[in-house]
Every structure is written in C-alpha cells, then in structure tokens.
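Q: Sequence and computational prediction follow.
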Amino acid sequence: MKKFLLSLCLMFSVLPALAAETAKAPDALVREVSDDVLAIVRQDKAIQSGDTRRVITLVEEKVLPHFNFRRMTMLAVGKDWRQASPEQQGKLVDAFRTLLVRTYSNALTQYRDQSIGYKPAKFGDADASVRVQTEVRQAGAQPINIDYALEKTTDGWKVYDVVVAGVSLVTNYRGTFAQEIRTGGVDGLIKSLEQKNRDLAAPAHS
Amino acid sequence: MKKNITSRFAQALALGGAVVALAGCTVRFANPDDPLESYNRAMFTFNEKVDEVAIQPVAKAYDKVTPLPVRTGVGNFFGNVGDVWIGGNNLLQGKFTDGLSDLLRFALNSTVGILGLFDVASELNLSKHDEDFGQTLGWWGVGEGAYFVVPFFGPRTIRDAVVLPIDLYGDNVWGIDDIATRNSLTALRLVHVRANLLGIDKTLEEGTLDKYSYARDFYLQQRRYRVFDGNPPLDELDFNGAGQHDDDAGRLVKAGRQ
C-alpha cells in the first residue's frame, strides 16, 4: 500500500512535466521558440553582422525540430507531388529544406529592433491544424502579420506553413516549381534546387 | 543560289514564328495574371539595375550610419505625413471609425509627438492602418487588371499604376512650399523605405529559383490581402489545383486557410 501511494505521488509529480513536454500548446510553442531565438540574436554580435554559419547552427538547433519539411515541400510542389517517386520526394524535401533554412536564417541576421506581438489564439482541443497569429512591430510602419500554421503530430505540434502579410512563403513557390516541372520534369526541379543550394554554399562567408 | 537564300529565309521565319508562338503559350500558361510578362521581365531587370547603381548603395550607407532612434524618428515622421492620406482613403471606403482614428493620429502625433517624430498615438492604441487610393478603388470593386512593373517604382497592377500619380501626390510631403526642402525630404523618404527593404532583398536573391516570378506572385497575393484588409476571398488564391484533390496537401491547404 505504501509503495502504491509512493508511486502514485511520483506519478503525479512527474506527469504534468511530461505532459507539458509532449503536448505543449501550439501558441505557447511558437512564443517560446521565437522569444528564445530572438534573445540569442539580440546578444550575438556575430549573427548581427551576418555570420551565416552561426545563425544556421542556431536555427538548426532551436527552430528546425518544430518544422515539418515534408509537409512544406508537398504544399510547395502542389499536385505534381504525386507524380514524384518516393526517392524523388526525398530529394525534393532535402533540397527545399536546405534552401529555406539558409534563406530564412540569413533573414534573422537582419533583425534589428522589431518586437513580436502575439494575438490571442482561438482553437479547440480537437483541432488537428491551427494557426498562430503574431505581428512584428516596427517603428513608423504598420505591423507585419506573420502567421504560423501548425499541425498536430505524434511528436508534438509542427509548423508546416508561414504566412507573411497574407502570403504563404510555402505556396508562393508553387508557380515557380510548376514551371520547372513543366519544362524539366520532377528531376528538373530537383536539379535546379540543388544547383541553387550549391551556388549559395560556394561563398561560405557571405 | 537565290532560291536557296529564299528558302532559308522562309525556314528561319517559320522557326522564328514557332518560337514566338511557343513563347506566347508558355507565358499564358505560366500565369494568367501576367499577360505582359515579357515587358515586365525587361522592366524588372531595368529597375534592378537602377537600384543597384543608384539607390541601394545610398540606402546601405544610410542603414550603416543612422542610429536607431534617428531612424525610428524618420520612420515616424513620414508615417505621420502619410496618415492624412490613409485617413482620407478610409473615409472614401466608408470606414469612418478607421478614418477618424487616422486623422486623430495625425493630430496627436503632429503636436504631442513633435511634428510626428514620436508615434504617441500607437502607444494610445490608435493603431496605424494601411490604405491608398488603389485600395480604395479595389474596395469599390474596380478590378486590378494585369500585373504591371512600373519604371522606377516596381511591381503594381494596371489599376494601381494608373492612380500612382494620385497616390504619390496624396501620400507625400508635397504640401511643403520650399522646393529644396521638399525634394530633400522626398529623397530621404525614398532612401529610408529602401533601407528597410535591404533584408528582404537578400532573401529574395537567395531563396528563389526565379526572382521575377516569386516577386510577382508575392506582390499580387499581398496586394489582394491589403485591399481586403486581411480577408481576401478564398477563390482568389491560386493553389494550382492542389486544393481540388483530396490528398494530404489539399486537405492541409484548406485547413491552413481557415
């Protein structure tokens, strides 16, 4: 009996911590990651002066675990996704991921004095996909709305789209991707993406 | 020999015709919003050159030397000048609360905010809006027309390009009589706005396979979003048909757009 009680106590003390770890609410997640990353960027002089490698490391460690790149690639490729073989799909995901990570990590080096406001989130417990709305405030200009679309997975909430001022950064690739696939097939698109990534990687300290 | 030349000429002509026809097809196929693509691409390149040579270097220098408080002041100052025009357009769209709030912003910031250098109105929760005459026309149902890259000014639609002179006149410091002061202020504003875009620039350069079409699609989507104050009709969004299929991608598009 004593043992049972003890284990019960233990369970209750551990459970909330576990639950918080696995099923953090999507809005809390976005807020925590953003605050975390910006706090680092604000203090890191190397990142502020444009150290690409450093900022990529930061993003890979703090941000990437919360993104679902397969989903993002699917959305960007659109209906042509189904004509791609599993192998091609894997290559697409890798190449697109590299491109996005490098580009938007670099955008972080441009961060100056903006602050982020979080709008009250509205979603039900049963929702499998939600939108977390934030706004980036800048002096002398209207705030820019940035929304994150997240979906529930067994591994917690994952971001699959970022919408800036009403424009999805993911689906905005669709026009270009469809064009590439039309001219060179899925392999053509993979080649273009990989080429772009190689071009960007070449001057490693730009 | 002569016959040979003629037939070659005919061949070349036929080939040229085929190429043009093909190009025409691709353009129309690529984006129904962009029938003027070949002109637009040329003008986009021209604008980029002008920017690279004349505007960007100045904006970079400005970005480097201007301390943050000064820069904030400059942004606030021009933001304040623009509030009158924004308010007027809100009134023209029948959004009286927003319009009056814009005018109140101007009154407050011009006085308490010392000529608009401080944005006290935002501190008082009178938030800044985003309107212009092109948006007013759009609000009243005037179609946007084709995508159109304006020399020096960049991406617009035909509708917004036509009323660009009106917007420039309304949303500016033209009220100042002294020409030298007015011109320096206009130049400062241009440089300030350009400096704010320096980061996006790099993103566009590095993150896209085709800068022109990414910029175009981005412009058109966010323009519609602004005309409809953040709630564009869903059918305006082009998902290349992915939404029509019941696969994962389609489901997520719908879910994400709610």
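A: That came through, no problem. Numbers count the residues shown, from 1 in each chain, chains lettered A, B, ... in the order given.

Q: what ranges do the helices span in chain B?
A: Secondary structure of chain B (DSSP state H): helices at B:2-30, B:37-50, B:56-65, B:68-92, B:96-111, B:120-123, B:133-139, B:158-162, B:164-170, B:179-196, B:198-207, B:211-227, B:248-256.

Q: now do chain A
A: A:2-22, A:26-43, A:45-48, A:52-62, A:69-77, A:86-108, A:174-201.

Q: shaky segments in the stretch 101-250 of chain B?
A: For the stretch 101-250 of chain B, the stretches flagged by pLDDT under 70 are B:174, B:233-250.

Q: Nearest approach to residue A:109 belongs to which of the helices of chain B?
A: Residue A:109 lies closest to helix B:198-207 among these, at 8.1 Å (Cβ to Cβ). C-beta: built from backbone N, CA, C; applies to glycine.

Q: could I get the helices of chain B as JSON lines with distance to residue B:152?
A: Formatted as JSON lines, the helices of chain B follow (distance: least, Cβ to Cβ, whole Å):
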{"stretch": "helix B:2-30", "distance to residue B:152": "24"}
{"stretch": "helix B:37-50", "distance to residue B:152": "7"}
{"stretch": "helix B:56-65", "distance to residue B:152": "13"}
{"stretch": "helix B:68-92", "distance to residue B:152": "19"}
{"stretch": "helix B:96-111", "distance to residue B:152": "28"}
{"stretch": "helix B:120-123", "distance to residue B:152": "31"}
{"stretch": "helix B:133-139", "distance to residue B:152": "17"}
{"stretch": "helix B:158-162", "distance to residue B:152": "12"}
{"stretch": "helix B:164-170", "distance to residue B:152": "10"}
{"stretch": "helix B:179-196", "distance to residue B:152": "10"}
{"stretch": "helix B:198-207", "distance to residue B:152": "17"}
{"stretch": "helix B:211-227", "distance to residue B:152": "16"}
{"stretch": "helix B:248-256", "distance to residue B:152": "36"}
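
Q: Mind checking those for the one nearest to residue A:155?
A: Closest approach to residue A:155 among the helices of chain B (Cβ to Cβ): helix B:248-256, 16.7 Å.

Q: ok, now which ones touch residue 93?
A: In the absence of a named chain, chain A is used. A:69, A:70, A:73 (Cβ atoms under 8 Å, 6 or more residues apart in numbering or on different chains).

Q: um, chain B though
A: So residue B:93 contacts B:131, B:135, B:136, B:139, B:140 (Cβ under 8 Å, 6+ apart).

Q: how does it look with 10 Å?
A: Residues near residue B:93 by Cβ atoms under 10 Å, 6 or more residues apart in numbering or on different chains: B:99, B:131, B:135, B:136, B:137, B:138, B:139, B:140, B:227, B:229.

Q: for residue B:145, same thing?
A: By Cβ under 10 Å, 6+ apart, the contact set of residue B:145 is B:33, B:35, B:36, B:156, B:157, B:158, B:159, B:160, B:161, B:162.

Q: So residue A:78 sits against residue A:179, correct?
A: No - with contact defined as Cβ atoms under 10 Å, residue A:78 does not count as touching residue A:179 (11.6 Å).

Q: what residues does the stretch 1-150 of chain B put near chain A?
A: B:26, B:29-31, B:33-34, B:63, B:68-69, B:71-80, B:82, B:86, B:116-119, B:122, B:127-131 (Cβ under 10 Å from any Cβ of the partner chain).

Q: Closest to the centroid, which residue in chain A?
A: Nearest to the mean C-alpha position of chain A, by Cα atoms, centre = their mean, lies residue A:67 at 4.2 Å.

Q: Do I have it right that that residue meets residue A:159?
A: Yes - if you go by Cβ under 10 Å, residue A:67 and residue A:159 touch, sitting 4.9 Å apart.

Q: Can you select the buried ones from the contacts of residue A:93 in ChimeraX?
A: To isolate the buried ones among the contacts of residue A:93 in ChimeraX, judged by 16 or more other Cβ atoms under 10 Å in any protein chain shown, type:
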select /A:69,70,73
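
Q: quick revisit: who wins on neighbours among the contacts of residue B:145?
A: Neighbour counts for the contacts of residue B:145, by other Cβ atoms under 10 Å in any protein chain shown, peak at residue B:160, which reaches 23 neighbours.

Q: and residue A:34, which of the helices of chain B is closest to it?
A: Among the helices of chain B, if distance is taken as Cβ to Cβ, the winner is helix B:198-207, at 17.0 Å.

Q: Distance from that closest one to the middle of the chain?
A: Relative to the chain's own centre, helix B:198-207 is displaced by 16 Å; criterion: Cα atoms, centre = their mean, to the nearest Å.
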